[in-house]
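K.L.:
this one's sequence-less:
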Ligand code: AMP
């Protein structure tokens, strides 16, 4: 294998309490801490490990999003990625961007850059779509390995362990392929200061969806974004008997 393409999405940091905009058109993003999607850090780490094992020679990180997405690419570069591609999509267009659009962009870049592997996170924690890996594989007509918790080089290609309901599934795949990283694949490294400095010199190419021939016109309309219902206050009961009679009273048990 020679080249890996990794998708890195800039999302609201996982530790931030997300607030819905008063007009219910979306969530508040201004002045809110953003970071690389946690599953993408895992995807980057895996690609860097592959490079350290000399299984790949070059890693390219792609981020589709507004100008600030370049910061996410810089983080990937500081973790060991060689170069970045920023596909600028901003404003309303970005708010309505869907996994299908991102998949078309990744598929186009995978072909242009002649990569052998596309590695993405299993899902972006902002929209929780879990669609990009699958659709990118379909568009490229490449095999897919989703929810990977182990990726190993084998003679014919790769051996993958996938986390599925009730256990682990081991599959073999040829390359080129599209893989998505699950939580237990690895523990991502922190970027060290020298590597952050070095990353500043690594190249980031800027392009647009239009230049890649991908139409990003919205296919959905956001009707409204609502806060989850607030939990009702609980009550403390003195003993199990009172608990049972309360539950009966409320109709939760017979
Ligand atoms: P999703 O299908 O939206 O849950 O995203 C799955 C994965 O696709 C993410 O973990 C990223 O690796 C990749 N991805 C999704 N959106 C973007 C984006 N805007 N830029 C770069 N990669 C993305």
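P.N.:
Everything's here; your move. As the structure is a prediction and not an experimental result, all values here were calculated from the model.

K.L.:
got a list of what residue 222 touches?
P.N.:
If a contact means Cβ atoms under 8 Å, 6 or more residues apart in numbering, then residue 222 has 25, 26, 95, 96 as its contacts. Every C-beta, even on glycine, is put in place using the N, C-alpha and C of the backbone.

K.L.:
got a list of what the nearest residue to the third one once chain neighbours are set aside touches?
P.N.:
Counting by Cβ to Cβ, 6 or more residues apart in numbering, residue 95 lies nearest to residue 26, which is 6.1 Å off, once chain neighbours are set aside. In this structure, residue 26 makes contact with 20, 95, 222, 225, judged by Cβ under 8 Å, 6+ apart.

K.L.:
and which of those residues is nearest to residue 52?
P.N.:
The shortest separation between residue 52 and any of the contacts of residue 26 is 37.8 Å, and it belongs to residue 95 (by Cβ to Cβ).

K.L.:
Checking my notes, residue 46 in a strand, right?
P.N.:
No. Residue state for residue 46 (DSSP: H, G, I helix; E, B strand; the rest coil) corresponds to helix; a strand is not indicated.

K.L.:
How many neighbouring residues does it have?
P.N.:
Applying other Cβ atoms under 10 Å, we find 23 other residues in the vicinity of residue 46.

K.L.:
ditto for residue 33
P.N.:
Burial of residue 33 is recorded as 9 neighbouring residues (other Cβ under 10 Å).

K.L.:
What's the per-residue pLDDT of it here?
P.N.:
What the model reports for residue 33 is a pLDDT of 97.

K.L.:
cool, and residue 1?
P.N.:
Residue 1 is assigned a pLDDT of 66 by the prediction.

K.L.:
cool, residue 49 as well?
P.N.:
98.

K.L.:
Can you pull the phi and psi angles for the residue in the stretch 101-250 of the chain that the ligand sits nearest to?
P.N.:
Across the stretch 101-250 of the chain, the shortest distance to the ligand (Cβ to the nearest ligand atom) belongs to residue 121, at 2.4 Å. According to degrees, to the nearest 10, the main-chain angles of residue 121 amount to phi -80, psi 160.

K.L.:
who's it bridged to?
P.N.:
Applying DSSP bridges to residue 121 gives these bridge partners: residue 181.

K.L.:
Am I right that it is in contact with residue 180?
P.N.:
Yes. Counting by Cβ atoms under 8 Å, residue 180 is a contact partner of residue 121 at 6.4 Å.

K.L.:
Pull up the overlap in contacts between those two.
P.N.:
Both residue 121 and residue 180 are contacted by 39, 43, under the criterion Cβ under 8 Å, 6+ apart.

K.L.:
Tell me the one of the contacts of residue 222 nearest residue 215?
P.N.:
Of all the contacts of residue 222, the one with the least separation from residue 215 (Cβ to Cβ) is residue 96, at 12.6 Å.

K.L.:
So for the residue lying closest to that closest one once chain neighbours are set aside, what's the pLDDT?
P.N.:
Nearest non-adjacent residue to residue 96, counting by Cβ to Cβ, 6+ apart: residue 218, 3.8 Å away. Predicted confidence (pLDDT) at residue 218: the value is 87.

K.L.:
Which stretches in the stretch 51-200 of the chain count as strands?
P.N.:
Remark: strands assigned in the stretch 51-200 of the chain by DSSP state E, counting those that start in this stretch are 58-65, 83-88, 117-121, 144-153, 158-164, 167-173, 177-181.

K.L.:
contact partners of stretch 15-22?
P.N.:
Residues external to stretch 15-22 that are found in contact with it (Cβ under 8 Å, 6+ apart): 12, 26, 27, 28, 32, 33, 225, 226, 227.

K.L.:
what does the stretch 1-150 of the chain put close to the ligand?
P.N.:
Proximity of the stretch 1-150 of the chain to the ligand (Cβ under 6 Å from any ligand atom) is limited to residues 7-9, 37, 39-40, 43, 62-65, 99, 102, 120-121, 123-124, 127, 129-132.
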